[in-house]
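1. Coordinates only, no sequence provided:
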């Protein structure tokens, strides 16, 4: 896949790049360098890695169960060294990245504190299906869509909604992915967006900012994005055998 992020080692004296590691995801973790010549970093894709500080060669990797944006730390107890990190996507970049890795979707972005040491044998728990965004199928909603209103809704969404819910209505995994909402949510948008019915859960109200027409257009846009998601997940239709070189009889 394409690279949208990178870990770059920079020589400040020579003012030049020494090495880089390309990342598939935009939101990745901070770094920790050690006296032993290692650089540790968590990735947005759901892993902790150790690189050789001199040339960036990857030496070690372990799963984290969800994306990481925090920097790791190191400490010692009775002469034994540990590396620890907070795992979980969050913050502005996590909200707006619109690039949810599979680990985030499978775990429901289940945050945890992880620590490693030489010889450690702990294992991550299996993802909880009740939290998974992939375990629940997205059912199609039969609703007429007007292209002009979908485009109007896209513009409204991009200006007022996309900073948190993600570009193109693709959530980064921190807040709900509005393509995957339960069907009644779309009918409740006026109460949610204008009435502030979910204010206690962190969803601000837009009364006086978005009128009825704007909210209705956003609904059209979200339904169009849901339809696109359903289409992506649909199995390929069987091949047409009649057009594959077999004998076909024609009659007038």
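-> That came through fine. Keep in mind it's a predicted model, so treat the numbers as computed, not measured. Numbers count the residues shown, from 1 in each chain.
2. Packing partners of the longest helix seen in the chain?
-> Ordering each helix of the chain by length in residues (DSSP state H) puts helix 212-233 first. The contact analysis (3 or more Cβ pairs under 8 Å, 6 or more residues apart in numbering; DSSP states H and E) places helix 212-233 against helix 147-160, helix 183-187, helix 189. Using the backbone N, CA and C atoms, a C-beta is placed for each residue, glycine as well.
3. how distant is that helix from the center of its chain?
-> Centroid separation between helix 212-233 and its chain, computed with Cα atoms, centre = their mean, to the nearest Å, is 19 Å.
4. how close does residue 60 get to residue 51?
-> The gap separating residue 60 from residue 51 is 9 Å, by Cβ to Cβ, to the nearest Å.
5. quick one: which of those two has more around it?
-> Taking other Cβ atoms under 10 Å, residue 60 and residue 51 do not tie; residue 51 has more neighbours (23 against 12).
6. Residue 43 is in contact with that one, correct?
-> No - applying Cβ atoms under 8 Å, one finds residue 51 not in contact with residue 43, separated by 11.4 Å.
7. Show me where the stretch 51-200 of the chain has its helices.
-> Along the stretch 51-200 of the chain, counting by DSSP state H, counting those that start in this stretch, helices occupy 91-96, 102-107, 147-160, 162-165, 183-187, 189.
8. Including mean neighbour count and mean pLDDT, could the ones you listed go into CSV?
-> As requested, the helices of the stretch 51-200 of the chain are exported to CSV (neighbours: other Cβ atoms under 10 Å; pLDDT from 0 to 100):
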stretch, mean neighbour count, mean pLDDT
helix 91-96, 17, 75
helix 102-107, 22, 84
helix 147-160, 16, 97
helix 162-165, 18, 90
helix 183-187, 12, 95
helix 189, 18, 97
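9. can you redo those as JSON lines with distance to residue 82?
-> Below are the helices of the stretch 51-200 of the chain laid out as JSON lines (distance: least, Cβ to Cβ, whole Å):
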{"stretch": "helix 91-96", "distance to residue 82": "25"}
{"stretch": "helix 102-107", "distance to residue 82": "23"}
{"stretch": "helix 147-160", "distance to residue 82": "44"}
{"stretch": "helix 162-165", "distance to residue 82": "35"}
{"stretch": "helix 183-187", "distance to residue 82": "43"}
{"stretch": "helix 189", "distance to residue 82": "47"}
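10. Looking at those, spot the one closest to residue 67.
-> Of all the helices of the stretch 51-200 of the chain, helix 102-107 sits nearest to residue 67, with 5.1 Å by Cβ to Cβ.
11. Any idea how far that closest one is from the middle of the chain?
-> So, by Cα atoms, centre = their mean, the centroid of helix 102-107 is 8 Å from its chain's centroid.
12. Which residue ranges of the stretch 51-200 of the chain form strands?
-> For the stretch 51-200 of the chain, the strands defined by DSSP state E, counting those that start in this stretch cover 58-63, 73-77, 80-87, 112-116.
13. who's in contact with the residue nearest to residue 101 when sequence neighbours are not counted?
-> Spatial nearest neighbour of residue 101, chain neighbours left out: residue 45 (4.5 Å); criterion: Cβ to Cβ, 6 or more residues apart in numbering. Contacts for residue 45 (Cβ atoms under 8 Å, 6 or more residues apart in numbering) come out as 23-25, 67, 101, 103.
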